[in-house]
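S.K.: Sequence and predicted structure, then a few things I'm wondering about:
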Amino acid sequence: MTTMTEIDALLTENRKFPPPDEFRRNAHVKDTSLYKAAEENSEAFWESQANELEWFEKWKTVCEWNPPHAKWFTGGKINVSVNCVDRHIKTARRNKAALIWEGEPGDRRTLTYWDLYVEVQKCANMLKKLGVKRGDRVAIYMPLIPEVAIAMLACTRIGAAHSVVFGGFSPESLRDRINDAECKVLITADGGYRRGGVIPLKRNADKAVESCPTIEHVVVVQRRPGAGGDEAFADMKEGRDHWWHRLMQDASPVCQPEQMDAEDVLYILYTSGTTGKPKGIVHTTGGYLVGVTTTTKLVFDLKEDDVFWCTADVGWVTGHSYLVYGPLANGATCMMYEGAPDWPEKDRFWQICERHGVTILYTAPTAIRAFMKWGDQWPAKHDLSRLRLLGSVGEPINPEAWMWYQEKIGGKRCPVVDTWWQTETGAIVISPLPGVTETKPGSATTPLPGFSAALIDASGKEIKVGGGLLALTKPWPSMLRTIWGDDQRYVDTYFTKWEGRPDLYFPGDGAKRDDDGYYWILGRVDDVLNVAGHRIGTMEVESALVEHPAVAEAAVVGRTHELKGQALAAFVTVREGFEPSDDLGQELREFVAEKIGAIAKPDDVMFAADLPKTRSGKIMRRLLRDIAEGRALGDTTTLADPNVVAALKDQLVHKVFTFTSMVEAQEE
């Protein structure tokens with residue numbers, strides 16, 4: 001595979017946008033002094049940020065760094081729910097809106113910080129009554145409704161680690177994640193609304209739990225009340241399944257928070273890996289909360305009267321960090337929307353922004369490209385003048401989409417913060433500060449105060465200007481601590497890229513650095529694809545395809561897609577007795593969706609007699625990418641049989657171009 005150090009920097013972008021004068025005047029950070037202070041002493045910077053949170057006991061050590069393992073704020077005792085809820089009810093925020101929620105059918109609820117305070121404690125007591133103790137794991141598989149945030153915060157109150165599984169994932173994906181974390185309780189719902197239909201979450205959960213021996217109880221939120229408020233939309237298993245509303249009726253509204261060590265596990269979140277088995281990323285309590293609280297305040301210049309809308313689902317890390325924990329720790333008002341951006345019409349997002357007075361919008365380039373495709377007329381129908389800051393997350397944003405976002409949504413007055421980070425980093429790492437940074441369309445600009453990055457070539461030499469491998473060169477509070485149950489995989493995946501340098505974290509991305517020191521993220525250098533802002537391991541998709549009785553072998557690569565960034569292209573060889581056909585291609589797409597989830601459904605299924613392989617038997621995905629993109633083929637000298645590629649181009653007897661509409665993948 002070509003390394004990022006060999007990729008030419010093809011894009012040149014010269015447009016620059018300084019912060020608007022009025023924005024800079026009112027910004028929390030107006031100059032570069034914070035960068036300088038953090039560069040001189042990053043531990044002192046992070047300690048000053050940690051001091052803004054409420055601790056039961058202060059830490060003895062800011063950072064213990066024994067590469068590649070870090071501990072932050074050791075000796076400190078803290079509780080996340082206290083910082084996200086309790087401390088606000090002692091202030092004027094007591095009756096401030098914490099969550100403004102809108103369901104896809106149009107139902108709405110607003111929860112104040114006092115409401116959240118009561119509900120979180122009741123939910124915490126509910127979990128305790130079901131036998132959940134400090135250190136246990138709780139799985140959450142829900143639509144984007146207020147109860148999902150309540151459940152997450154309740155777990156943190158009693159010291160249980162949560163594992164949130166995206167509601168679009170299949171029963172098999174849910175099962176695997178529950179079993180890996182050995183979860184004791186599953187919280188789900190009878191369904192969730194998506195594009196006018198209902199996602200059968202309880203039915204999926206029932207299938208999953210059949211093979212989950214550690215699950216003792218399933219709690220079900222009634223999202224779909226029937227006529228007369230009946231509970232007919234879910235099959236409930238006596239003794240195991242419980243209605244959320246019934247348990248909450250009897251729960252006490254007082255639950256003392258656990259005093260958690262800073263390094264206690266806060267949550268596990270599974271992300272795709274190249275080996276096929278998802279990785280359980282472990283985040284801990286103190287450092288993670290410091291990281292997300294700080295970056296929310298600085299990157300989004302958060303003010304007391306802001307309405308902050310991060311459009312991500314809580315099944316992804318963006319929803320954890322910037323829909324729940326970061327904004328609530330800062331006492332913000334958060335917008336939460338359950339459904340699709342084009343339901344019932346393609347202006348739903350803009351309708352929500354206007355109706356609820358959204359001031360900060362944080363969404364994905366995938367969504368922005370879809371909005372562009374739908375046309376300017378949709379946002380033009382609405383008053384978006386309350387918006388003052390726009391953010392981008394999930395993948396690199398192309399300059400055209402950046403400009404459209406800034407002009408059509410931001411009215412040419414809103415700064416755009418293009419953020420780079422990962423599940424593993426826990427918090428934003430590279431991003432503009434909107435009151436300081438001169439932005440360039442398509443660039444995430446520079447590392448935030450307290451973070452340190454570099455471009456390094458394969459030999460370990462730093463690259464000041466040009467393309468290279470991105471590395472983070474110092475530990476940071478919100479970094480992952482390990483992979484659940486597999487610390488060696490943690491070491492091997494993230495800290496072995498440069499021999500003898502276990503202090504260098506490799507995120508798997510390539511980037512270029514321009515003459516101003518700005519970073520331009522070029523994408524993954526391994527076989528994890530970024531589709532519509534979601535990281536999807538090709539091995540997982542290939543494994544699912546090969547499970548189908550008709551498939552002998554499969555290889556999945558990414559091809560450029562104008563909306564999603566990358567689309568999945570699957571090359572398949574069939575077993576004897578089976579014939580390639582459009583029907584089989586469609587069947588394979590649905591099979592993958594059933595096994596993994598709709599977001600992993602291949603856009604193209606291409607049948608071939610054989611796949612190009614090296615002499616050691618490895619499939620040459622680089623050549624398959626060339627074919628999928630329709631490019632001239634690269635070097636074929638290492639092929640075991642060079643004729644295979646020519647034959648492959650001739651023998652693609654069927655190519656199924658069934659591409660998932662953008663909004664179908666709009667789950668980030």
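M.R.: Great, that's in hand.
S.K.: mind checking the end-to-end distance for stretch 557-566?
M.R.: 9 Å (CA to CA, to the nearest Å).
S.K.: One more: stretch 298-317?
M.R.: 19 Å.
S.K.: how about that stretch: buried residues?
M.R.: Within stretch 298-317, the residues that qualify as buried are 298-303, 306-317, counting by 16 or more other CB atoms under 10 Å. To be clear about C-beta, it is placed using only N, CA and C from the backbone, and glycine gets the same treatment.
S.K.: Just the mean pLDDT for that stretch, thanks.
M.R.: Stretch 298-317 shows a mean pLDDT of 97.
S.K.: how much space between V219 and W378?
M.R.: 38 Å (CB to CB, to the nearest Å).
S.K.: what about these two, which has more around it?
M.R.: Between V219 and W378, V219 has the larger neighbour count (other CB atoms under 10 Å), namely 25 against 19.
S.K.: Doesn't that one belong to a strand?
M.R.: Yes: assessed by DSSP: H, G, I helix; E, B strand; the rest coil, V219 belongs to a strand.
S.K.: Does it touch W244 like I think?
M.R.: Yes: taking CB atoms under 8 Å as the definition, V219 is a contact partner of W244 at 5.4 Å.
S.K.: what is in contact with the two at once?
M.R.: M126, I187 (CB atoms under 8 Å, 6 or more residues apart in numbering).
S.K.: Filter the buried residues of stretch 298-317 down to the ones in helices?
M.R.: Of those, the ones assigned to helices by DSSP state H are L298, V299, V317.
S.K.: quick one: which of these is nearest G280?
M.R.: Nearest to G280 among these is V317, at 12.6 Å by CB to CB.
S.K.: Report the distance from stretch 542-562 to the chain centre.
M.R.: In terms of CA atoms, centre = their mean, to the nearest Å, the centre of stretch 542-562 is set 23 Å apart from its chain centre.
S.K.: buried ones in stretch 358-371?
M.R.: Neighbour-count burial for stretch 358-371 [16+ other CB under 10 Å]: 358-371.
S.K.: which one of those residues sits closest to R631?
M.R.: Nearest member of the buried residues of stretch 358-371 to R631, counting by CB to CB, is R369, at 22.0 Å.
S.K.: residues in contact with the closest residue to F56 other than its chain neighbours?
M.R.: Nearest non-adjacent residue to F56, counting by CB to CB, 6 or more residues apart in numbering: K77, 4.1 Å away. Contacts for K77 (CB under 8 Å, 6+ apart) come out as W55, F56, E57, Q259, M260, D261, A262.
S.K.: Check the contact between the fifth one and R157; I expect there is one.
M.R.: No: using CB under 8 Å, M260 makes no contact with R157, being 9.6 Å away.
S.K.: Return the distance of stretch 190-200 from the chain's centre.
M.R.: With CA atoms, centre = their mean, you get 21 Å for stretch 190-200.
S.K.: Stretch 209-220 now?
M.R.: 25 Å.
S.K.: got the buried residues for that stretch?
M.R.: V209, C212, T214, I215, E216, H217, V218, V219, V220.
S.K.: ends of that stretch, how far apart?
M.R.: From start residue to end residue, stretch 209-220 stretches across 13 Å - CA to CA.
S.K.: contacts for it?
M.R.: Counting by CB under 8 Å, 6+ apart, 126, 130-131, 139, 175, 178-179, 182-190, 202, 205, 234, 236-237, 240-244, 247 sit against stretch 209-220.
S.K.: For stretch 189-201, buried residues please.
M.R.: In stretch 189-201, counting by 16+ other CB under 10 Å, buried: A189, D190, G191, G192, Y193, R194, R195, I199, P200, L201.
S.K.: Identify the farthest-apart pair in those residues.
M.R.: Greatest spatial distance among these (CB to CB): D190 and R195, at 18.0 Å.
S.K.: Redo the buried residues of stretch 209-220 as CSV? Include pLDDT.
M.R.: Compiled in CSV, those are given as follows (pLDDT from 0 to 100):
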residue, pLDDT
V209, 98
C212, 98
T214, 98
I215, 98
E216, 98
H217, 98
V218, 98
V219, 98
V220, 98
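S.K.: what's the most distant pair in those?
M.R.: Set against one another by CB to CB, those have their most distant pair in T214 and V220, with a gap of 18.3 Å.
S.K.: Next, count neighbours for the closest residue to A453 other than its chain neighbours.
M.R.: Excluding its sequence neighbours, the residue lying closest to A453 (CB to CB, 6+ apart) is P447, at 4.7 Å. By other CB under 10 Å, 24 other residues sit near P447.
S.K.: Beta-bridge partners for P447, please?
M.R.: The partner list for P447 in beta bridges (DSSP bridges) reads I430.
S.K.: residue contacts, it?
M.R.: Taking CB under 8 Å, 6+ apart as the definition, contacts of P447 comprise V429, I430, A453, Y519.
S.K.: Distance-wise, check it relative to E57.
M.R.: Between P447 and E57 the computed distance is 31 Å (CB to CB).
S.K.: can you give me the helices for the stretch 401-550 of the chain?
M.R.: For the stretch 401-550 of the chain, applying DSSP state H, counting those that start in this stretch gives helices covering 487-494, 538-547.
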